[in-house]
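Chemist: let me see the structure of the following:
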Amino acid sequence: MGGASGPRGDAFLTVKNQAHLVFHLRPGRKKALAAAQAEALALLRDLGATAPGDGPLSDRGGLFRIDVPEDLFLWTMQRFPQLGYTSAVDLLEPIPGKPGRSRTDITWNGKPHRLSRLYVEDADAQRQAAPDRRPFLLPAADGGTRLVRGYRGDSSDLGRRALPVCDARLLVNLVRPFGENPRFLDPFAGVGGLLAESVACGYRTFSLDIDPWLRFGLNSLSSGHIIGDTRRLPLRDACLDAVATELPFAESLTGMLEGVLGRLRDAVKPGGRIAVMCAEGQHEELSLAGSQLGLETLLATAVHRKGTECAVTAWQRP
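Modeler: This next block holds a predicted model:
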């Protein structure tokens with residue numbers, strides 16, 4: 001479902017009857033509760049989603065609760081497969097009548113409730129979309145192109161990393177735009193993981209990368225690809241609805257991040273969002289740059305990614 005699909009949430013914010021949903025963090029991201037909750041709220045924000053932060057199971061690790069208006073419940077369910085940091089979703093529902101208590105029952109507001117499973121991530125589909133399975137076009141010796149599978153770049157300072165599917169979905173969801181034909185950009189596109197997720201959401205997707213070796217693969221994944229430096233992004237101001245990217249985890253970018261983020265801020269429309277995953281050592285410089293540029297911080301949190309300490313920050317242009 002694309003960014004322009006579905007009802008507008010501002011028309012439903014006064015609905016009283018709420019469906020209570022319990023989200024389960026994916027096993028590899030159980031320390032990223034703040035990121036997972038922010039992702040779910042961003043994905044469902046036009047459906048009037050809220051995160052009360054209390055209630056049943058709030059004391060258990062790896063879970064969080066989101067409430068949505070009951071009459072938008074089916075719209076909500078359709079979006080669950082787009083989630084990155086959530087592996088399953090349950091519905092918290094009252095048990096009718098006065099049945100005998102089961103050890104799996106949950107008491108809430110003095111009444112018994114149960115969890116009914118609504119969604120479980122398709123592990124096979126996730127695996128097939130993984131970077132080591134994806135096809136990618138590269139230059140061939142004869143001047144043409146060759147199709148390779150599982151290309152993940154090199155080990156150089158600015159070498160391409162293959163962003164896991166769940167992280168790509170997280171970043172795309174955090175900046176979820178509204179409106180007709182929203183425009184999305186990944187300015188450090190690498191091997192195109194975010195582009196694939198953006199296209200799947202129905203966005204007009206553009207890419208930029210300084211490495212000309214990637215031009216054929218990225219051009220095939222996007223509506224338009226640019227070879228260039230993000231600090232000199234050749235796009236007019238306020239032409240994008242959303243920007244998301246993973247920065248190269250490179251010391252050579254130190255001192256450049258304010259220039260990078262400043263150009264991205266100028267390129268997004270007022271109200272547009274920017275989300276960046278970066279190395280832990282880049283986070284402080286990037287956060288300071290966002291503050292100095294007048295961006296509104298929506299999320300700033302650490303993520304432990306299979307032994308790699310990194311951070312995710314999301315902003316909105318006022």
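Chemist: the residue nearest to the spatial centre of the chain sits in which helix or strand?
Modeler: Central residue of the chain (CA atoms, centre = their mean): residue 170, 2.2 Å from the mean position. In this assignment (DSSP states H and E), residue 170 forms part of helix 165-174.
Chemist: and that helix, how far out from the chain's middle?
Modeler: Put simply, helix 165-174 sits 3 Å off its chain's centre (CA atoms, centre = their mean, to the nearest Å).
Chemist: next, the buried residues of that helix.
Modeler: Using 16 or more other CB atoms under 10 Å as the test for burial, helix 165-174 gives 165, 166, 167, 168, 169, 170, 171, 172, 173, 174. (Each C-beta comes from the backbone N, C-alpha and C, glycine too.)
Chemist: might one say that the third one is in contact with residue 276?
Modeler: No - the pair residue 167 / residue 276 is not scored as a contact, 11.7 Å apart, by CB atoms under 8 Å.
Chemist: out of the helices and strands in this protein, which is least certain?
Modeler: For the chain, the helix or strand with the lowest mean confidence is strand 106-108, at a mean of 82 (criterion: mean pLDDT, DSSP states H and E).
Chemist: same for whichever helix or strand comes after that one, what does it pack against?
Modeler: For strand 106-108, the following helix or strand on the C-terminal side (DSSP H and E) is strand 111-120. Where contact means 3 or more CB pairs under 8 Å, 6 or more residues apart in numbering; DSSP states H and E, strand 111-120 is packed against strand 86-94, strand 106-108.
Chemist: quick one on the thing from earlier: which single one of the buried residues of helix 165-174 is nearest to residue 78?
Modeler: Closest approach between those and residue 78, by CB to CB: residue 173, at 14.0 Å.
Chemist: return the distance of that closest one relative to residue 194.
Modeler: Distance, residue 173 to residue 194, using CB to CB, to the nearest Å: 11 Å.
Chemist: residue 213 now?
Modeler: 18 Å.
Chemist: which of the two has more neighbours?
Modeler: When residue 213 and residue 194 are compared on other CB atoms under 10 Å, the one with more neighbours turns out to be residue 194, at 31 against 13.
Chemist: overlap in contacts, residue 167 and residue 276.
Modeler: Jointly contacting residue 167 and residue 276 under the rule CB atoms under 8 Å, 6 or more residues apart in numbering are residue 246.
Chemist: burial count for the residue nearest to residue 294 when sequence neighbours are not counted?
Modeler: Once flanking residues are discounted, residue 294 sits nearest to residue 318: 6.6 Å by CB to CB, 6 or more residues apart in numbering. Neighbours of residue 318 under the rule other CB under 10 Å: 9.
Chemist: same check, this time on residue 27
Modeler: 8.
Chemist: cool, the one 4 residues further on as well?
Modeler: Residue 31 has 15 neighbours, counted by other CB under 10 Å.
Chemist: and what of residue 43?
Modeler: Neighbourhood size, residue 43 [other CB under 10 Å]: 26.
Chemist: is it in contact with residue 171, as I believe?
Modeler: No - look at residue 43 against residue 171 with CB under 8 Å: they stay out of range, at 11.9 Å.
Chemist: which parts of the stretch 1-150 of the chain are helices?
Modeler: Along the stretch 1-150 of the chain, the stretches classed as helices by DSSP state H, counting those that start in this stretch are 33-43, 73-79, 123-128.
Chemist: repeat that for the stretch 201-318 of the chain.
Modeler: Using DSSP H, counting those that start in this stretch, helices in the stretch 201-318 of the chain cover 215-221, 257-267, 280-292.
Chemist: closest to residue 75 out of the ones you listed?
Modeler: The closest of the helices of the stretch 201-318 of the chain to residue 75 is helix 215-221. By CB to CB, the value is 27.9 Å.
Chemist: reformat the helices of the stretch 1-150 of the chain as JSON lines; add distance to residue 89 and mean pLDDT.
Modeler: Converted to JSON lines, the helices of the stretch 1-150 of the chain look like this (distance: least, CB to CB, whole Å; pLDDT from 0 to 100):
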{"stretch": "helix 33-43", "distance to residue 89": "9", "mean pLDDT": "97"}
{"stretch": "helix 73-79", "distance to residue 89": "8", "mean pLDDT": "95"}
{"stretch": "helix 123-128", "distance to residue 89": "15", "mean pLDDT": "92"}
